[in-house]
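**Q** A predicted structure for the sequence below; I have some questions about it.
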Amino acid sequence: MRTKIVAGNWKMNKSFQEAEELIGELATKLEDKELICEVVVCPPALYLEMASDYADESIFCVGAQNVSEHEHGAYTGEISAEMLDSVDVDFCIVGHSERRKYFDEDNYLLANKVNRVLDHDMIPIYCCGEVIEEREKNIHFDIVEQQIKEGLFHLSEDEFSNIVIAYEPVWAIGTGLTATPEQAQEMHAFIRKLVAKKYGETAAADCTILYGGSCNAQNAVELFAQKDVDGGLIGGASLKADDFIKIAESF
Ligand code: PGA
C-alpha cells in the first residue's frame, strides 16, 4: 500500500552508547507527535536489537542497512534476513549506492537480497539512482530503468506490493547538492510509469517511492509536496533527533 515514510539511514556512525542515546531521544520526542508518515530508523546492524526494544514502546519501526543474499551458512561476517527477522526488523535497505560502489553489488545480486528480505516478511527499501556523469550524458532514466527492472521486475505482483523504492541520485548523497523538487518529481513519475507498465496502474498508484540525497529539515517540505514523492531516505540529517523529526513532520 502507498504509505508516506521517512527512513533514517545512519550508515556507519555512532558508538553503542551514542546510538542508544539517539534512539531513546527519538522515542521520547515522538511520544506526543501525531505524524502522518511511518518513521523508520536504520542503525548499524549491531544496534538493531536495542532499537527494536525501543520501537516496541514507540511509533517508529526498525530497518537494517544491508542483508546477505544467502539464507544461511558459511559466510563469515554476514547477516541473514532470518537473523534480522529474529530481532524484529521490519525494513531492510537493499542496493544503497554505497553498497553498489564499494562492495560491487550489482542488480542481479540485489534481486537475490530483495528475495531474502521478502522471504522473511520484511520490506525491502530498494535504492536506485544515477551518478553525475550519467545525468550529464542524459542516460539517467536508462540507468534507473535498468536498476529497477533487473533488481525488482522478477517479482510477482503480490511480492511487488511489499516493495518500497528509494530514488537517490548518487551526486546528491552526502554532498549537500539536493535534486530540485522538479528533478525528483520527474524521476519518481518515470519510475511509477515503469511500475504501471509491468504491474498495472493500481500497483503503480500503490507503490511508495522515497527521495534520498541531502534531504534535510529545510528542503523536505518542498520535496515531499511533489505528487510522486512519498517521503525520504535520510542520511546525515537522521543523526540528530530534532532534524529527523522535523523532516517527518514535513508532509
Ligand atoms: P544523505 O544520505 O541524506 O546524507 O545525502 C542519503 C542516503 O545515503 O541514504
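**A** Alright, I've got the coordinates.
**Q** Okay, the closest residue to E159 other than its chain neighbours and R2: tell me how far apart.
**A** Leaving aside its chain neighbours, E159 sits nearest to L118 (5.6 Å; criterion: CB to CB, 6 or more residues apart in numbering). Just so you know, the C-beta spots here come from the backbone N, C-alpha and C atoms, and that holds for glycine as well. From L118 across to R2, the span is 18 Å (CB to CB, to the nearest Å).
**Q** Tell me which of these two has more neighbours.
**A** Legend: neighbour count by other CB atoms under 10 Å for L118 and R2, higher for L118 (20 against 13).
**Q** So which elements touch the host helix or strand of that one?
**A** Secondary structure from DSSP states H and E places L118 in helix 107-119. The helices and strands touching helix 107-119, judged by 3 or more CB pairs under 8 Å, 6 or more residues apart in numbering; DSSP states H and E, are helix 81-86, strand 91-94, strand 123-128, helix 140-152.
**Q** Now find how far off-centre that helix is within its chain.
**A** Distance of helix 107-119 from the chain centroid (CA atoms, centre = their mean, to the nearest Å) equals 14 Å.
**Q** At which residues are the helices of this structure located?
**A** 16-30, 48-56, 81-86, 97-102, 107-119, 132-136, 140-152, 157-160, 181-199, 201-206, 220-224, 241-248 (DSSP state H).
**Q** Let me have these in CSV, adding mean pLDDT and distance to I173 as columns.
**A** What follows is the helices of the chain, written out as CSV (pLDDT from 0 to 100; distance: least, CB to CB, whole Å):
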stretch, mean pLDDT, distance to I173
helix 16-30, 97, 21
helix 48-56, 97, 22
helix 81-86, 98, 23
helix 97-102, 98, 6
helix 107-119, 98, 17
helix 132-136, 97, 11
helix 140-152, 98, 14
helix 157-160, 98, 25
helix 181-199, 98, 13
helix 201-206, 98, 26
helix 220-224, 98, 14
helix 241-248, 98, 16
